[in-house]
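Trainee: Okay, here's the prediction I keep looking at, along with the sequence it came from:
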Amino acid sequence: MKKGTYQQLSRRERQVMDILYREERASAARIREVMPDAPSYSAVRALLRVLEEKGSIRHESEGLQYVYRAVVPREQAKDTALKHLVRTFFGGSVEAAVATLVSGEDVSRTELERLARMIEARRKEVRS
């Protein structure tokens, strides 16, 4: 998957990618089995073909079936998707995104303390 293309995937294509990242490798039948509100088997196969044409996934023959896996490492896709999210919903402001995340009720004191340490460590790096 070329840099920046994760956000250009359709909702269904992103669902397939999410499944492949979670499962690491899966057949079309397995993908359909775990896909929310799954389309027909032939529609899943069509999604897989499109993703393969885009360079997002590749297949290997395993017996009589194809098994698919993501081409781009999860960390790289996560980074691209997060940057897209910050640009799209927070006008490119990391501060606004973090403020939204830490203002939620489900953020524990321990998580906030870890975040504060990460911010302090990054602040020291930037000064250097």
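Mentor: Noted; the coordinates are in hand. Numbers count the residues shown, from 1 in each chain.
Trainee: any idea how the chain splits into domains?
Mentor: The chain breaks down by automatic domain parsing into domains covering 6-70, 93-127.
Trainee: Export the ones you listed to CSV and append columns for distance to residue 78 and mean pLDDT.
Mentor: Placement of C-beta: from N, CA and C, glycine included. Compiled in CSV, the domains of the chain are given as follows (distance: least, CB to CB, whole Å; pLDDT from 0 to 100):
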stretch, distance to residue 78, mean pLDDT
domain 6-70, 9, 93
domain 93-127, 14, 91
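Trainee: Could you look over those domains and pick the most buried one?
Mentor: Among those, domain 6-70 has the highest mean neighbour count (mean count of other CB atoms under 10 Å), at a mean of 16.
Trainee: Neighbours of residue 80, how many?
Mentor: Using other CB atoms under 10 Å, the number of residues around residue 80 comes to 19.
Trainee: Where does it fall, secondary structure wise?
Mentor: Following DSSP states H and E, one finds residue 80 within helix 74-90.
Trainee: Which elements pack onto that helix?
Mentor: With contacts taken as 3 or more CB pairs under 8 Å, 6 or more residues apart in numbering; DSSP states H and E, helix 74-90 sits against helix 11-23, helix 94-102.
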